[in-house]
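Chemist: pasting the sequence and the predicted coordinates here, then a few questions.
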Amino acid sequence: MDAGSPDQVRGRLVRHDGATSSRTKPAPASEPGIRDPYMYDSVKIMALTKIILITGASMGIGASLAKAFAKPNHHLILVARSEDKLKKLASSLQGKCAKADYFATDLTSASGRQALLDWFTTYFQDLHVLINNAGMGIYGPLVKNDFDSIRKLFELNFFACVDLIQKFTPFLSGRSKATIINTSSIAGHRGVPLMSIYCASKFALNGLVESIRPELKSLGIHCLNIYPGVTNTPFSENAIERGWQPTPANKRFSDSPDKVARKTYRAYLKGSREHFINFTNPWVRGMNFIAPRLVDWILSRFYRRNYS
């Protein structure tokens with residue numbers, strides 16, 4: 001049997017470094033004519049299974065999205081930098097979905113994104129849902145931000161989304177309920193002081209999706225933007241600090257990542273084009289449209305109180 005045959009590679013996970021994990025799928029049933037339902041070369045089963053790729057899946061909203069999309073007919077592909085966290089999450093999802101694979105790579109680099117595509121094309125021919133969830137933040141005044149950090153943030157929050165949409169559109173085109181889901185932010189509708197670079201990346205993402213939505217519709221691909229507000233995740237703790245760090249999210253006044261994920265899944269089922277997670281978020285956008293000077297004044301007070 002050659003190394004590239006389906007029977008040889010099925011059930012193993014190829015990582016960015018080219019290594020393979022030892023975890024294998026259940027052995028095929030012994031009865032004549034019964035095939036292992038998890039085999040990659042099972043055309044019938046794969047035709048019934050939706051392939052869901054989720055970036056930033058190791059923690060926070062991404063991990064909750066993996067749990068929300070873990071359905072019996074969904075084959076999940078979890079992507080993030082931390083292989084240990086991905087392995088643990090994939091293991092916890094076994095039995096809840098058709099299968100959960102993971103691929104550890106750095107999406108801030110073009111080579112990391114190309115490695116993901118190369119791995120994907122080795123094992124898959126179709127993709128039904130691409131969830132661009134990976135992201136990072138920078139806190140502090142613009143003048144305190146170094147350009148390397150700014151480039152790194154845009155590489156992950158914006159350019160990685162552009163690159164993955166370009167790379168995976170051929171696999172999504174013509175598939176049943178093909179959807180690209182982007183985790184944006186209410187900060188992509190109203191800029192906030194001390195978060196200028198993060199806000200700019202989300203404004204760029206919103207503009208991109210609004211522009212390409214008609215283009216992708218002609219290919220049978222739907223676009224859904226999700227707008228969380230303050231969410232109780234490690235996002236702030238993992239952000240780059242440049243002279244200011246927000247206080248940890250108050251659970252009473254923030255949304256849980258599980259709530260964000262549940263609402264995202266419902267919006268996906270409904271075929272929504274965008275969804276605000278918290279009921280107050282549309283009010284923020286509306287207030288900024290109706291009375292932008294008032295919002296500027298409120299945020300100026302916020303800036304003076306928290307930084308000046």
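Modeler: Sure thing, it's come through.
Chemist: for the residue nearest to Thr280 when sequence neighbours are not counted, helix, strand, or coil?
Modeler: With sequence-adjacent residues excluded and distances taken as Cβ to Cβ, 6 or more residues apart in numbering, Thr280 is closest to Gly229, at 6.9 Å. All C-beta spots, glycine's among them, are computed from the backbone N, C-alpha and C. Following DSSP: H, G, I helix; E, B strand; the rest coil, Gly229 is assigned to coil.
Chemist: how about the nearest residue to Ile277, chain neighbours excluded?
Modeler: Nearest one to Ile277, counting by Cβ to Cβ, 6+ apart, is Pro228 at 4.6 Å.
Chemist: and that neighbour, how far from Gly286?
Modeler: According to Cβ to Cβ, to the nearest Å, Pro228 and Gly286 sit 18 Å apart.
Chemist: ok, and what's touching stretch 113-130?
Modeler: Stretch 113-130 is contacted from outside by 9, 14-16, 40, 46, 50-53, 69, 77, 79, 103, 105, 107, 160, 163-165, 167-168, 171-172, 175-181, 268, using Cβ atoms under 8 Å, 6 or more residues apart in numbering.
Chemist: in helices, which of the residues you listed fall?
Modeler: Mapping the contacts of stretch 113-130 onto helices (DSSP state H) picks out 9, 46, 160, 163-165, 167-168, 171-172, 268.
Chemist: any idea which of the residues you listed is closest to Ser91?
Modeler: Val9 (19.9 Å; Cβ to Cβ).
Chemist: please enumerate the strands of this protein.
Modeler: 50-55, 74-80, 99-104, 129-132, 138-139, 179-183, 222-227, 240-241, 274-276 (DSSP state E).
Chemist: OK, contacts around Pro257?
Modeler: 60-61, 63-64, 231-233.
Chemist: if we use 7 Å, what do you get?
Modeler: Contacts here follow Cβ atoms under 7 Å, 6 or more residues apart in numbering; on that basis Pro257 touches 60-61, 64, 231-233.
Chemist: who wins for most neighbours among these?
Modeler: Note: the member of those with the most neighbours is Ile61, at 29 neighbours, neighbours being other Cβ atoms under 10 Å.
Chemist: and that one, how far from Pro72?
Modeler: Distance check for Ile61 against Pro72: by Cβ to Cβ, it reads 23 Å.
Chemist: check Asp101 too.
Modeler: 16 Å.
Chemist: more crowded one of these two?
Modeler: Legend: neighbour count by other Cβ under 10 Å for Asp101 and Pro72, higher for Asp101 (23 against 10).
Chemist: need the longest helix for the chain.
Modeler: As assigned by DSSP H, the longest helix anywhere in the chain is helix 196-217.
Chemist: same for that helix, what does it pack against?
Modeler: Contact here means 3 or more Cβ pairs under 7 Å, 6 or more residues apart in numbering; DSSP states H and E; on that basis helix 196-217 packs against helix 147-154, strand 222-227.
Chemist: rerun that using 10 Å as the cut-off
Modeler: Packing contacts for helix 196-217, counted by 3 or more Cβ pairs under 10 Å, 6 or more residues apart in numbering; DSSP states H and E, involve strand 138-139, helix 147-154, helix 160-172, strand 179-183, strand 222-227, strand 274-276.
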